[in-house]
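In: sequence plus predicted model, see below.
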Amino acid sequence: MTDGPEPLRAVIARHGLQARKSLGQNFILDRQLLARIAAVPGPLEGQTVYEIGPGPGGLTRALLDAGANVVAVERDRRCRPALAELEHEYPHRLKVIEGDAMRIDERAEAGDGAHVVANLPYNVGTALLLRWLDGDWPPWWRSLTLMFQKEVAERIVARPGTEHYGRLSVAAQWRASPRIALSVNRSAFVPPPKVTSAVVHIVPADMPAGVDPRTMERLTEAAFGQRRKMLRSSLKALPGAIEALDELGVDSGRRAETLSVEEFVAVARVLSSSRP
């Protein structure tokens, strides 16, 4: 009878894996918490999971224990021996890729229909999320379960008229459904970050018909680029935008943070239809 896996603190000490601030590393040592995070996407038996920044492999093990086949991307070579031990323990179910997650062809490595589950390095988390929310739709991923600073998580799920509502909110909500699955106290990490964190779960939704993604991107960039200004000022440089507001009966004296995601979709649809 086994006593269970080696404590993560011991794994980190044995391999000399002190977290590096330059890589945005903060390790979670609580295996129960890691199991809770691995459970957020739902049953993973036989599913492919794409993980970014596995570090010493705590979340990786939780995903493997849940029955997933894991493709993990890690740029820190110091972590390779610890992950190699997991590869040996779970033969043919863990593939480790050494590299920069921003440069990986995820579809080629994980295939279509993979779940993304990651304790993301905070210094690249938002950039990776925007990358995964971009591009062809439906996307290659089935769901995203991602750790963020709580403030970023609140921006992702924010509703119109609230302080956190902005461009990231619209990007995450106009063709996907995000929710905060759980909050994680800073004491759960080694070293503890300065802020509370949260796990966000995102699933793709149907893409609204007649909306060009690049048009939506330009619209929200202009609208929230000067968020304290009225739309008549912030959108005046975007051809056709003021006319689209008038056509839809949207008051151009409003500010961007008061428009719902549905209203942004409607404006983007009019602009998309007028593209040459």
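Out: That came in fine, so what should we check first?
In: ok, which stretches of this protein are helices?
Out: 8-15, 31-39, 58-65, 80-89, 106-110, 125-133, 150-157, 167-173, 213-225, 231-234, 241-248, 261-273 (DSSP state H).
In: most tightly packed of these?
Out: helix 58-65 (a mean of 25; mean count of other Cβ atoms under 10 Å). The way it works is simple: take the backbone N, C-alpha and C, and place the C-beta from them, glycine included.
In: can you list contacts of that one?
Out: The contact list for helix 58-65 (Cβ atoms under 8 Å, 6 or more residues apart in numbering) reads 5, 8, 27-29, 31, 34-35, 37-38, 44, 49, 51, 54, 70, 72, 83, 86, 90, 93-94, 117-119.
In: of the helices of the chain, which shows the lowest average pLDDT?
Out: Ranked by mean pLDDT, the helices of the chain bottom out at helix 8-15, which scores a mean of 78.
In: the inter-axis angle of it versus helix 58-65?
Out: For helix 8-15 against helix 58-65, the angle by axes from the mean of the first three to the mean of the last three Cα atoms, to 10 degrees is 120 degrees.
In: list the helices and strands helix 8-15 packs on?
Out: Applying 3 or more Cβ pairs under 8 Å, 6 or more residues apart in numbering; DSSP states H and E, one finds that helix 8-15 contacts strand 27-28, helix 80-89.
In: what does that helix contact?
Out: With Cβ under 8 Å, 6+ apart, helix 8-15 has contacts from 17-18, 27-29, 31, 56-58, 78-79, 81-82, 190.
In: and the pLDDT for the spatially closest residue to residue 16 that is not a sequence neighbour?
Out: Spatially, and ignoring its direct neighbours in sequence, residue 16 is nearest to residue 78 (6.7 Å; Cβ to Cβ, 6 or more residues apart in numbering). At residue 78, the pLDDT value in this model is 89.
In: do the same with residue 17
Out: On pLDDT, residue 17 comes in at 72.
In: surely it and residue 83 touch.
Out: No: counting by Cβ atoms under 8 Å, residue 17 does not reach residue 83; the two are 10.6 Å apart.
In: ok, and the closest non-adjacent residue to residue 237?
Out: That would be residue 222: by Cβ to Cβ, 6+ apart, it lies 6.7 Å from residue 237.
In: next up, the contacts around that neighbour.
Out: Under the criterion of Cβ under 8 Å, 6+ apart, the neighbours of residue 222 are 234-235, 237-238, 241.
In: same question for residue 257.
Out: Applying Cβ under 8 Å, 6+ apart to residue 257 gives the contacts 160-162, 165-166, 224, 227.
In: quick check: ChimeraX command selecting the buried ones in the contacts of helix 8-15.
Out: Command for ChimeraX that selects the buried part of the contacts of helix 8-15, burial taken from 16 or more other Cβ atoms under 10 Å:
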select :17,27,28,29,31,56,57,58,79,82,190
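In: can you redo the contacts of helix 8-15 as TSV with distance to residue 111?
Out: Converted to TSV, these look like this (distance: Cβ to Cβ, whole Å):
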residue	distance to residue 111
17	29
18	34
27	28
28	27
29	31
31	28
56	26
57	22
58	24
78	28
79	24
81	27
82	25
190	33
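In: pick the one among the contacts of helix 8-15 closest to residue 250.
Out: Closest approach between the contacts of helix 8-15 and residue 250, by Cβ to Cβ: residue 28, at 44.3 Å.
In: wouldn't that closest one be in contact with residue 192 here?
Out: No: counting by Cβ under 8 Å, residue 28 does not reach residue 192; the two are 10.8 Å apart.
In: how far away is the residue positioned nearest the centre of the chain from residue 200?
Out: By Cα atoms, centre = their mean, the chain has its centre lying nearest to residue 129, at 3.8 Å. Going from residue 129 to residue 200 by Cβ to Cβ, to the nearest Å gives 8 Å.
In: next one: residue 253
Out: Relative to residue 200, and taking Cβ to Cβ, residue 253 is found at 33 Å.
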